[in-house]
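Asks: Model the structure of this input:
(4 chains)
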Protein chains: 2
Amino acid sequence: MRDEKKVSGAVIKRLPKYYRYLSVLRQMGITRVSSNDLSKKIEITPSQVRQDFFNFGSFGLQGYGYEVEPLMQEIGNILGMDQINQMIILGAGNLGQALANHASFEKRGFKIVGMFDVNPYCIGQVVRGIEIMHFDSLAEFMGRHSVDIAVITVPREHAREAADKAISLGIKGIWNFASVEFEVPKDVAIEHIHLSESLMALSYKIKENRASIR
Amino acid sequence: MRDEKKVSGAVIKRLPKYYRYLSVLRQMGITRVSSNDLSKKIEITPSQVRQDFFNFGSFGLQGYGYEVEPLMQEIGNILGMDQINQMIILGAGNLGQALANHASFEKRGFKIVGMFDVNPYCIGQVVRGIEIMHFDSLAEFMGRHSVDIAVITVPREHAREAADKAISLGIKGIWNFASVEFEVPKDVAIEHIHLSESLMALSYKIKENRASIR
DNA sequence: TAGATTGTTAATCGATTAACAATC
DNA sequence: TAGATTGTTAATCGATTAACAATC
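Replies: Residues are numbered from 1 along each chain as shown, chains lettered A, B, ... in the order given. Next up, the predicted model:
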């Protein structure tokens, strides 16, 4: 890994795309790929593919291209797919349960180990083998388990509180679905899924398309 | 609106953030805000706030700042919040139902008018007042209703098929939750929510944090 | 070897930031 | 009027693209 200079967010956002497409190629039995092939699928230039990889080392062979399997492995390692991330879901409502049922996360090494809520109605229910526990037992649970990621699917007004609690208990990353932005300590990673922002951007694009037709 | 030159995606992504923060200010009864105030909350520079608005016109008053209410109105209009977008949900599984239950979309003018699936078990069920219909009746339904947006929450392998169907029936925008990327005609807008990509980016950040601690 | 394609440096482009005149 | 803050142009920075030598 080229040390020191930090890799830009734009590059990181593309890595999973490479990873996904490489897994498709592998499934198709294709063992070799060029930066040109990759670039077409991800809709960027071949230059950028090579520039992106260059941030982390050299994974190809001049005059030949890249071996699919080892390249996928390398990118996977960069992304941390070589280790399992244990997750808890804070907020076992519709969205929380939908995420718990999303089998493909587990295939990628993201394992849900607990779900928490305050609603007495859903506590004790079992979703995909995971029992929904009361939020009050979170501290005790995290004492017994090594949890890496907290998924925040509680209502907006409780999001910060849930995140703060998880952080104080030593969480490493937060995957936030509540439409609030909050600050976290530098050593806690955070990714936001802002559904309504995405929807508003879509609305903008639709409006723009309508305007350009007229 | 400054015509001709297309507004960059980065700007569009920030508009909903301004909009959201303005709605918070309004709720707090604050009527006036400066680019400096706004910039602190969105974590950008005051320059960028003004530059962003400059793409669309001038909404402020020199020496004074911006009136919260009218500014929010303007940004809302740019984003198309002045009209209602009718949505259908294709795929009434956990995620589809979670989105249907997400009340805040409707407050922003995104109205779910139908849900579709192929699973006989869920067809006929009613979620938040919306009956789940069979996918086969989609064409007939869209003939009777004016639908703007299709939300794709079917499994990955059926995503393209569902999108193609909706496009052929005249959909204006696609909100895609399936982890596949597909091409759509230029006059169809699309926004992707790539959950596993976000999760992988989170994994990267966590790994990076761990590395920098050592 | 000849052809191909990477790794890597240099050039370009676009987005962000700075500066400041306009003006409330 | 004096002070403040926008609107807008110019400077800077970073990311993307191009180019090409290295080399398989």
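
Asks: anything in the longest strand seen in chain A near chain B?
Replies: Assignment by DSSP state E gives strand A:110-117 as the longest strand of chain A. Yes - counting by Cβ under 8 Å from any Cβ of the partner chain, chain B has neighbours in strand A:110-117: residue A:110. For the C-beta atoms, the positions are set from N, CA and C on the backbone; glycine is no exception.

Asks: what about the helix or strand of chain A with the lowest mean pLDDT, near chain B?
Replies: For chain A, counting by mean pLDDT, DSSP states H and E, helix A:103-107 ranks last in confidence among helices and strands (a mean of 90). Yes - for helix A:103-107, a contact with chain B is found by Cβ under 8 Å from any Cβ, at A:104-105.

Asks: Can you spell out which helices and strands pack onto that helix?
Replies: helix B:195-213 (3 or more Cβ pairs under 8 Å, 6 or more residues apart in numbering or on different chains; DSSP states H and E).

Asks: Tell me the helices and strands packed up against the helix it packs on.
Replies: Helices and strands touching helix B:195-213, as assessed by 3+ Cβ pairs under 8 Å, 6+ apart, comprise helix A:9-27, helix A:68-79, helix A:103-107, strand A:173-176, strand A:189-192.

Asks: Please identify the most buried of the ones you listed.
Replies: The highest mean neighbour count among these belongs to strand A:173-176 (a mean of 25), with neighbours defined as mean count of other Cβ atoms under 10 Å in any protein chain shown.

Asks: Can you get me the centre-to-centre distance for that one and its chain?
Replies: The gap between the average C-alpha position of strand A:173-176 and the chain average comes to 9 Å, counting by Cα atoms, centre = their mean, to the nearest Å.

Asks: Equivalent analysis for stretch A:119-127, please.
Replies: Put simply, stretch A:119-127 sits 26 Å off its chain's centre (Cα atoms, centre = their mean).

Asks: Output it as CSV, nothing but the C-alphas.
Replies: Coordinates of each C-alpha in stretch A:119-127 appear next as CSV, following Å, rounded to 0.1, in the frame of the first residue of the first chain:
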residue,chain,number,x,y,z
ASN,A,119,-41.1,-1.6,21.6
PRO,A,120,-42.3,-4.4,23.9
TYR,A,121,-44.4,-5.8,21.1
CYS,A,122,-41.5,-6.8,19.0
ILE,A,123,-39.0,-7.8,21.8
GLY,A,124,-38.5,-11.5,21.9
GLN,A,125,-39.4,-11.9,18.2
VAL,A,126,-36.8,-13.8,16.2
VAL,A,127,-35.8,-12.5,12.8
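
Asks: Break chain A down into its structural domains.
Replies: As given by automatic domain parsing, the domain ranges for chain A are A:9-77, A:85-196.

Asks: Tell me the span between the first and last residue of the shortest one.
Replies: Start-to-end span of domain A:9-77 (Cα to Cα, to the nearest Å) is 17 Å.

Asks: Ok, the last one next?
Replies: The separation between the terminal residues of domain A:85-196, taken as Cα to Cα, is 27 Å.

Asks: Name the SS class of residue A:146, please.
Replies: Secondary structure state of residue A:146, per DSSP: H, G, I helix; E, B strand; the rest coil, is coil.

Asks: list the contacts for it?
Replies: Residues in contact with residue A:146, defined by Cβ atoms under 8 Å, 6 or more residues apart in numbering or on different chains, are residue A:86.

Asks: try 6 Å this time
Replies: With contact taken as Cβ atoms under 6 Å, 6 or more residues apart in numbering or on different chains, residue A:146 is in contact with no other residue.

Asks: Tell me how far it lies from DNA strand D.
Replies: When Cβ to the nearest atom of the strand, to the nearest Å is applied, the distance between residue A:146 and DNA strand D equals 33 Å.
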